[in-house]
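Visitor: Structural data only, the sequence is not supplied:
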């Protein structure tokens, strides 16, 4: 390997045996690698720019408008009356009155499924966004994901499961706390209330942060969830538990009587 | 249920192929993955946050508009950055300038961003060097700045950069090397200026 080839390899991904062998025997290239490599690495230290929340808002507005446009274009009739022979046009004109009456009915029947489909697609888009955000590395994004979860139907098990995972495993306290609150709408839905209530009961013994424990205890008291009583009693009698949490658990037990 | 998880973890090419086939809502997943890198690309190129946000919007709009031209065999990121480059060039043309932004404005704007971005402890330890580094990046000729941004900040493979720039992979390697050498020279010149 020549010095020129070695220099081009220095900033490439992966290790090259030829480069290693060349560096072992070439002092000039070793010094070059040390200088250029340090500068290359220091580029990582530059703080990353963050876009404002407007970018997301504008994107979803644009996507929604585009989809509406698509749906409208698909619904538009393709037949053109002016391309018909004259006699056909005359016959069509004679049927205008009847056509109008039927037309309104047909339009209703035809647009309703489209609207339903559009509504379903928008709901699925919201679900995607919430789920996608809940999996992001940045805590701010995960918080946004929790906020988006309020826009999905409370019968959505997929989002409910993602929120429960967030409550149980998210490393950030604020995100966990927000996710506990976001479970509320699910406890009011006939389709998911049992799963949601059970998830809140199961989440309590997993938490060690007092503020999240208190939020869960308040939630359980509000739900009057008797299945949580054994865990609440355990908290009350455990001297290692934060005193505020113990008092709150005691209060919740009294409230459930 | 499973479909949604599959979508969230789906490959870029698959998602874009689905957008291309008419399932345009899937673009939301690609937006969540790429709007930040795109924003950073534009900010690195022109130093203007507001303009960068407009351009991000424009890129996703063009993806929808030209969705049927997407070839799933092509790298999605390469296709996306081709659109991004064209959007940047078109906007610069609209503003009646040959360059996206003149270098003095760029450096001034970067300085504003630097002063507002890092935390106090970060500024204390390495803020000065980073300011110099940013200034040096701002003084790079546009083509060198772009290749550095794509290869370092966007983490793109040389093959994808070659596709975006319409050149050979070997040429990309040479240009990345020249860009980092040029950056080194500017950086040390600025450092010398600061000391004297």
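Guide: Cool, got the structure. Please read all numbers here as calculations on a predicted model, not as lab measurements.

Visitor: Looking at residue B:169 now. What's its pLDDT?
Guide: Here the pLDDT value assigned to residue B:169 is 88.

Visitor: show me the contacts for it.
Guide: Applying Cβ atoms under 8 Å, 6 or more residues apart in numbering or on different chains to residue B:169 gives the contacts B:158, B:159, B:162. Where C-beta positions appear, they are placed from N, C-alpha and C, glycine not excepted.

Visitor: Just the buried ones from those residues, in ChimeraX syntax?
Guide: To isolate the buried members of the contacts of residue B:169 in ChimeraX, using 16 or more other Cβ atoms under 10 Å in any protein chain shown:
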select /B:158,162
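
Visitor: tell me the domain boundaries of chain B?
Guide: As given by automatic domain parsing, the domain ranges for chain B are B:1-101, B:120-196.

Visitor: go on, chain A?
Guide: Domain ranges of chain A: A:3-41, A:54-206, per automatic domain parsing.

Visitor: Hmm, residue A:29 is touching residue A:22, no?
Guide: Yes - at 6.2 Å, residue A:29 counts as touching residue A:22 under the criterion of Cβ atoms under 8 Å.

Visitor: Who has more neighbours out of the two?
Guide: residue A:29 (22 against 19; other Cβ atoms under 10 Å in any protein chain shown).

Visitor: quick one: contacts for that one?
Guide: A:3, A:6, A:7, A:10, A:22, A:23.

Visitor: cool, and residue A:167?
Guide: A:176, A:179, A:180, A:183, A:199, A:203, A:212.

Visitor: and the closest residue to the fifth one other than its chain neighbours, how many neighbours?
Guide: Taking Cβ to Cβ, 6 or more residues apart in numbering or on different chains, and ignoring the residues beside it in sequence, residue A:199 has residue A:164 as its nearest neighbour in space, at 4.4 Å. The burial metric for residue A:164, expressed as a neighbour count using other Cβ under 10 Å, is 21.

Visitor: Tell me who's in contact with residue A:164.
Guide: The neighbourhood of residue A:164, defined by Cβ under 8 Å, 6+ apart, consists of A:183, A:199, A:203.

Visitor: again with residue B:52
Guide: Per Cβ under 8 Å, 6+ apart, neighbours of residue B:52: A:49, A:51, B:39, B:42, B:43, B:46.

Visitor: Just send those back as CSV, with neighbour count, secondary structure and distance to residue B:151 too.
Guide: Shown next, in CSV, are these (neighbours: other Cβ atoms under 10 Å in any protein chain shown; DSSP: H, G, I helix; E, B strand; the rest coil; distance: Cβ to Cβ, whole Å):
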residue, neighbour count, secondary structure, distance to residue B:151
A:49, 18, coil, 18
A:51, 18, coil, 22
B:39, 22, helix, 18
B:42, 28, helix, 16
B:43, 25, helix, 17
B:46, 22, helix, 18
